[in-house]
Structures are given as C-alpha cells and as structure tokens.
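Peer 1: Just a sequence and a predicted model for now, questions to come.
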Amino acid sequence: MRKQWVMALCHDLLTTWATAGQQMTKYRRRFCNRVVQLGRRGRSAIEIAVALGVHRQTLRRWCIAHLEFAQALEFAHDCALVWWERLGHRQLDKLPPRQDPSFNKRTRRKHRRRHRLNEQLYLITLTTRFPREYGSVGYELDREP
C-alpha cells in the first residue's frame, strides 16, 4: 500500500515538473573547480562523474549547456594526461639498471628487487584513457631477449 502511494506521489511530481517546464539540474558553478582538482589527480571523466554524484551522460549535457564547465572538463583531461605521463617518468627514473646475474659478484648477495614499471600495462592505460593523444600511435615495445 505504501509503495503504491509513493509511486503515485512521484508520478504526480514528475508530471507537475514536466508540465511546468522546469528542469531539475544539480549543476553548480563550483563543480568546475572540483573537476579540475580531480583531473590534477589523474582521474577519468567517469571518476569525475561519480565524484560529483551524476551520470556520465549528465557531464556531456552540462558541457553542451555550460561553456565554462566544458572548458574545465577539457582542462581536467589535460591535467590527467600530465599526471599519467609524470607517473611514467617517475617510474622510469626509479628503475635499477638491468643486471643478468641477480647477485653481486663481490659479496655474493642477491640484489633487492625494486618495483618495476609494467611497460605493457602502462602503454595500454595511456592508449585507452587518452585515445586522441596515444590511440593511433601504435608503439611497439622492444623485447629483450
């Protein structure tokens, strides 16, 4: 009984809003700053939509309706690209030199293994997250024998 009452109330409200010509939107100007902050942390558009509590289609509609939001989302995309590229640079700078014997000849102790960058996974991540920038490049990673 209660469920039917709630459904009827929701239906009445929706028809009232539709007939009044009002469109409910959650858009606020402060979302632009939040979008850029999330982009600087390397977040994708879907992650940004979830953080704002909306569907990704809503982001597209807001981009069409609000120019400042479209610019903020584009800038966030660029910031995310920079974040991912810096991540790759940091990981490549940390890589130890390759040594075939995994021990030091003088001390006969094994080298401590550091976390290595998974080049294949990193490349796949860049090509799927940023298809305009990396999608059609088609890099081949050199395979070491």
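Peer 2: That came in fine, so what should we check first? Because the structure is a prediction, the values reported are computed rather than measured.
Peer 1: From here on, just use CA atoms for contacts and neighbour counts.
Peer 2: Fine.
Peer 1: and H77, how far is that from R40?
Peer 2: From H77 over to R40 the distance is 9 Å, taken as Cα to Cα, to the nearest Å.
Peer 1: The two: who's more crowded?
Peer 2: H77 (23 against 19; other Cα atoms under 10 Å).
Peer 1: where do the helices sit along this protein?
Peer 2: Listed in chain order, the helices of the chain (DSSP state H) span 2-20, 31-40, 45-52, 56-65, 67-94, 119-129, 131-134.
Peer 1: okay, those in TSV with mean pLDDT next?
Peer 2: As requested, the helices of the chain are arranged in TSV below (pLDDT from 0 to 100):
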stretch	mean pLDDT
helix 2-20	46
helix 31-40	95
helix 45-52	94
helix 56-65	93
helix 67-94	90
helix 119-129	86
helix 131-134	86
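Peer 1: I figured F75 was touching V36, is that so?
Peer 2: Yes - counting by Cα atoms under 8 Å, F75 touches V36, with 6.7 Å between them.
Peer 1: For the two, indicate the residue with more neighbours.
Peer 2: Between F75 and V36, counted using other Cα under 10 Å, the more crowded position is V36 (24 against 17).
Peer 1: ok, the more buried one touching D78?
Peer 2: No - the criterion here is Cα under 8 Å, and V36 misses it with D78 at 9.5 Å.
Peer 1: what's the burial count for the closest residue to Y134 other than its chain neighbours?
Peer 2: Closest residue in space to Y134, ignoring its immediate chain neighbours: T127 at 4.9 Å, by Cα to Cα, 6 or more residues apart in numbering. Each residue near T127 was counted by other Cα under 10 Å, and the total is 18.
Peer 1: Report the separation between T127 and Y27.
Peer 2: 31 Å.
Peer 1: Please apply the same query to S44.
Peer 2: Counting by Cα to Cα, the gap from S44 to Y27 is 19 Å.
Peer 1: These two: which has the busier surroundings?
Peer 2: Shown here are S44 and Y27; by other Cα under 10 Å, S44 has more neighbours (18 against 15).
Peer 1: Noted, bye for now.
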